[in-house]
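Participant: Predicted coordinates and the sequence they were generated for:
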Amino acid sequence: MSRKTPSRPVWWKNSFFIFGVLLLIVALWGLVQGQEAIRDPGQKRENGLVLMYFGGAVLMVVNGYLTHLQAVQAYEEDGGEMSPTPVKEEA
C-alpha cells in the first residue's frame, strides 16, 4: 500500500481564520450600529456584547495561527518543504 503525500498547508483553508474574520465583522457592525443590531432574539440584555465578539474573534485568529503552525510543522516532519511560493516542476 502506497503512502499518500499530504497536501501543502495553506492558512486560508483554516476555518479558525474564517470564523475569526466573521466574528470581527459582526463586532464592527455592532460597534457602528449598536449592540441591538447584533443581539440574538431572546438573548439576555447585558452590556459588553461587542467586546465579547471582539474577544471571540481574537481567540479564533490566535487558535488559527497556532493550528496552522502545527500543520506546517507536521508537513515538514513528513518530508514536505515549505517555500514562500510553490515550485513548479519542469517537464
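Facilitator: Done, it's in. Residues are numbered from 1 along each chain as shown.
Participant: All the helices of the protein, in order from the start?
Facilitator: Secondary structure of the chain (DSSP state H): helices located at 15-33, 49-77.
Participant: Which positions within the shortest one qualify as buried?
Facilitator: By 16 or more other CB atoms under 10 Å, the buried positions in helix 15-33 come out as 16-17, 19-20, 23-24, 26-27, 30. Any C-beta I mention is one placed from the backbone N, CA and C, and that applies to glycine too.
Participant: Among those residues, which one lies nearest to Ala74?
Facilitator: Phe16 (16.2 Å; CB to CB).
Participant: before we move on, the earlier item: tell me which of the helices of the chain sits nearest to Pro6.
Facilitator: helix 49-77 (6.0 Å).
Participant: Output the below-cut-off pLDDT ranges for this structure.
Facilitator: Filtered on pLDDT under 70, the chain yields the residue ranges 1-2, 5, 80-91.
Participant: I'd like to know how far Leu28 sits from Thr67.
Facilitator: Going from Leu28 to Thr67 by CB to CB, to the nearest Å gives 24 Å.
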